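Participant: can you look at this prediction? I've put the sequence above it.
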Amino acid sequence: QVQLVESGGGLVQGGGSLRLSCAASGSIFSIDGMAWYRQAPGKQRELVAAITTGGSTNYAHSVKGRFTISRDNTKNTVYLQMNSLKPEDTAVYYCNAVLALSSTSPQTVWWGQGTQVTVSS
């Protein structure tokens with residue numbers, strides 16, 4: 001079975017930084033895109049940042065210039081460096097991976113359990 005395990009969330013003051021990590025483990029044949037989403041109370045889940053296998057990235061407008069997504073393909077891990085954090089960044093952050101379990105199986109989307117990020121004003 002596949003697991004995506006996030007870490008690095010917590011409470012930080014406005015203007016501070018946090019680094020989230022998400023490691024994929026299990027019977028994985030290949031991983032394609034990886035991404036971070038977030039969901040604030042009463043709001044829909046939204047894409048924060050995404051990265052391809054080759055390292056191409058895209059970001060939500062609200063985090064561009066403050067957040068950086070990266071990945072280590074040798075460790076099946078994706079990171080999210082968050083700088084200049086604002087109270088409106090407060091949310092549960094989820095990682096996401098599009099992966100295949102074998103050379104003949106279709107790609108499927110897997111989610112982590114989420115990690116809370118709280119930014120105080």
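Facilitator: Arrived safely. Residues are numbered from 1 along each chain as shown.
Participant: element containing residue 33?
Facilitator: Under the criterion DSSP states H and E, the helix or strand holding residue 33 is strand 30-39.
Participant: tell me which residue is most central in the protein.
Facilitator: Centrality entry for the chain: nearest residue to the mean C-alpha point is residue 36, 2.7 Å, by Cα atoms, centre = their mean.
Participant: show me what that one is bridged to.
Facilitator: The partner list for residue 36 in beta bridges (DSSP bridges) reads residue 49, residue 95.
Participant: any idea how far residue 24 lies from residue 89?
Facilitator: According to Cβ to Cβ, to the nearest Å, residue 24 and residue 89 sit 24 Å apart. C-beta here means a position set from N, CA and C on the backbone, and glycine is covered the same way.
Participant: number of nearby residues for the residue lying closest to residue 75 once chain neighbours are set aside?
Facilitator: Take residue 75 and drop its neighbours on the chain: the residue closest to it by Cβ to Cβ, 6 or more residues apart in numbering is residue 23, 6.7 Å away. Other residues near residue 23 number 17, with proximity taken as other Cβ atoms under 10 Å.
Participant: hang on, isn't residue 23 packed against residue 79?
Facilitator: No: taking contact to mean Cβ atoms under 8 Å, the distance of 10.0 Å between residue 23 and residue 79 leaves them out of contact.
Participant: returning to that earlier point: who's in contact with the residue nearest to residue 75?
Facilitator: With contacts taken as Cβ atoms under 8 Å, 6 or more residues apart in numbering, residue 23 has the following neighbours: 4, 5, 75, 76, 77.
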